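*Asks:* coords please:
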Amino acid sequence: MRHVPLSWLVLLTLLSLSAPMVQGSSVTEAVARKTDSEKVCVRKVCFPRMVISDGTELHVRGATTAKYWGFSLYGIAFYMPPAVASDQWAGDHAKRMAVHYHRGFTKAQLSESTEKIVANNPASDMEALRKPLDALYAAYQDVKKGDEYVITYTPGKGTVLVLNGVESPVIEGEDFAAAFFGVWVSDYGISTDLSKTLLGRNK
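*Replies:* Residues are numbered from 1 along each chain as shown. The predicted structure is shown next:
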């Protein structure tokens, strides 16, 4: 299992979600336990089982708690249209990541960690991604315990970050969305365990 430094295990930021991997850390906890037909809960954080984004139904594909050396960092849930296969997560369809923080991270930590993870993915064209990534880092805010980032991609429009109900400017680009969501669910993201869980492959 891959491991990344605490500074990144933000989302991470999703946010985010690094370079040298740290041995001995635990990235994810067991998959979400089901509480009722409308919610999926991990520890004390509950996410709606289904949301509607720009007219599209998105269902929780997987949810978990990201941890580091036994400390809970954030609860996280990944949403996709139910008809889309998990291995098509990067396709041009609506998707959402919800991240509920159990500890604080600075804007700088989120930005640095995201940059390292995206750059580590061989599919990333960093030159083409430079402008949208810089827009992302400008949109990032410091987060504290109890804050929640909701990141949504809408085809034909782009990616929007919402922190505690406050929306950031849209960041355009299907390739950017794939690179950003890949921080959590690609083969080169935070960890294989986390990506498998969020894609519903550990059930």
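
*Asks:* so Val150 versus Val162, what's the distance?
*Replies:* Val150 sits 5 Å away from Val162, going by CB to CB, to the nearest Å. Where C-beta positions appear, they are placed from N, C-alpha and C, glycine not excepted.

*Asks:* please identify which of these two sits among more neighbours.
*Replies:* Using other CB atoms under 10 Å as the criterion, Val150 and Val162 rank with Val150 on top: 21 against 15.

*Asks:* does that one have beta-bridge partners, and which?
*Replies:* Beta-bridge pairing for Val150 (DSSP bridges): Ala98, Val162.

*Asks:* wait, it touches Arg96, no?
*Replies:* Yes: using CB atoms under 8 Å, Val150 is in contact with Arg96, at 6.6 Å.

*Asks:* in the longest strand seen in the chain, what counts as buried?
*Replies:* When the chain is parsed with DSSP state E, its longest strand is strand 56-68. Within strand 56-68, the residues that count as buried by 16 or more other CB atoms under 10 Å are 56, 58-68.

*Asks:* over to stretch 187-203?
*Replies:* Within stretch 187-203, the residues that qualify as buried are 188-191, 193-200, counting by 16+ other CB under 10 Å.

*Asks:* could you do stretch 121-133 as well?
*Replies:* Neighbour-count burial for stretch 121-133 flags 121, 124, 129, 132-133 (criterion: 16+ other CB under 10 Å).

*Asks:* Gly75: which of these is nearest?
*Replies:* Asn121 (24.2 Å; CB to CB).

*Asks:* what sits closest to the closest one if chain neighbours are left out?
*Replies:* The shortest distance from Asn121 to any non-neighbouring residue, by CB to CB, 6 or more residues apart in numbering, is to Tyr188 (4.0 Å).

*Asks:* check contacts around the one you found.
*Replies:* Contact analysis of Tyr188 by CB atoms under 8 Å, 6 or more residues apart in numbering lists 117, 120-123, 182.

*Asks:* just to revisit the earlier point, just give me the closest of the buried residues of stretch 187-203 to Glu112.
*Replies:* Closest to Glu112, out of all of those and judged by CB to CB, is Ile190, at 14.1 Å.

*Asks:* just give the nearest non-adjacent residue to Tyr74, would you?
*Replies:* Per CB to CB, 6+ apart, closest to Tyr74 is Tyr101, 4.8 Å.

*Asks:* thinking the one you found is in contact with Ile76, fair?
*Replies:* No: applying CB under 8 Å, one finds Tyr101 not in contact with Ile76, separated by 9.7 Å.

*Asks:* so which of the two has more stuff around it?
*Replies:* More crowded of Tyr101 and Ile76, by other CB under 10 Å: Ile76, with 32 against 26.

*Asks:* distance of that one relative to Val185?
*Replies:* 10 Å.

*Asks:* circling back to that earlier point, ramachandran angles for the residue nearest to Tyr74?
*Replies:* Torsion angles at Tyr101 (phi, psi; degrees, to the nearest 10) stand at phi -80, psi 140.

*Asks:* many thanks, I have nothing further to ask.
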